[in-house]
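Participant: My questions concern the predicted model and sequence given below.
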Amino acid sequence: MNTLIKVIIPAFNEEQSIGIVIEKIPSIVSEIIVVSNNSTDQTDVVAKNAGATVIYENKKGYGYACLKGLQYIATQKIKPDIVVFLDGDYSDYPENLTQLVAPIIKNNIDLVIGARSKNLREKGAMTFPQIFGNWLATSLMKLFFNANFTDLGPFRAIKYKTLLALHMEDKTYGWTVEMQLKVLKKKYSYVEIPVPYKNRIGKSKISGTFKGAIFAGIKILSWIFKYSFKK
């Protein structure tokens, strides 16, 4: 029995990179869904020409875009077994998707995080606020939940049924940490797979700005403390 895999790519002004990302995604994926998140460039045109399904979310925010992608999947008659989330800036290597979904297919794992480990990371690919924020967030998850996460990496694969059970709600910067916290609280299985990570094409919309880094940090910490003291 074949495993049905769909990819959701939130994209805000990624016309330079989105075509490359789509081209590099392995053929085991049945559908690539690009969510143009209020883009003002040709992201949607490039994505369509590359063979992706393009939908639109005008409310800016990573979580808004991911939720829009899930709303689209919910309207389909045949649902996927696995949903993969991938950024559109070509900082990850889409070819590693096969490696990412393997623990779900072979070992029935619920969530797999592509961890941007230091030894596989291109110099400058992550900013200091990103590195510190990941360390702080994962350290707190270790403290409060005895978790083994080392990263909040956006490149991740999850069983569709598990994803639905999480009732995801964050609209902006807290999407990744919310998913990991809810997996911990609900005691779903998870693993991390070390993945290489390179400098993105274009400027980061979050870590590339001081304001974005601060707001992302606040949102991530608020989710952690919310779940740490929630019974």
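Facilitator: Perfect, I can see it now. Residues are numbered from 1 along each chain as shown.

Participant: Give me the most central residue, the protein.
Facilitator: residue 154 (3.0 Å; CA atoms, centre = their mean).

Participant: For that residue, list the residues it contacts.
Facilitator: 85, 86, 87, 92, 176 (CB atoms under 8 Å, 6 or more residues apart in numbering). In this view, the C-beta of every residue, glycine as well, is placed from N, C-alpha and C.

Participant: 7 Å - rerun?
Facilitator: 85, 87, 176 (CB atoms under 7 Å, 6 or more residues apart in numbering).

Participant: same thing with residue 56?
Facilitator: residue 36.

Participant: Strands of this protein, start to end?
Facilitator: Taking DSSP state E as the criterion, the chain carries its strands at 5-11, 31-36, 53-56, 82-85, 111-115, 156-159, 190-194.

Participant: partners of the fifth one, with directions?
Facilitator: Strand pairing for strand 111-115, using DSSP bridges, gives strand 156-159 (antiparallel), strand 190-194 (parallel).

Participant: Next: the fourth one.
Facilitator: Sheet pairing for strand 82-85, assigned by DSSP bridges, gives strand 5-11 (parallel), strand 156-159 (antiparallel).

Participant: measure the residue nearest to residue 162 when sequence neighbours are not counted to residue 190 for me?
Facilitator: The shortest distance from residue 162 to any non-neighbouring residue, by CB to CB, 6 or more residues apart in numbering, is to residue 110 (4.4 Å). Computed as CB to CB, to the nearest Å, the residue 110 to residue 190 distance reads 6 Å.
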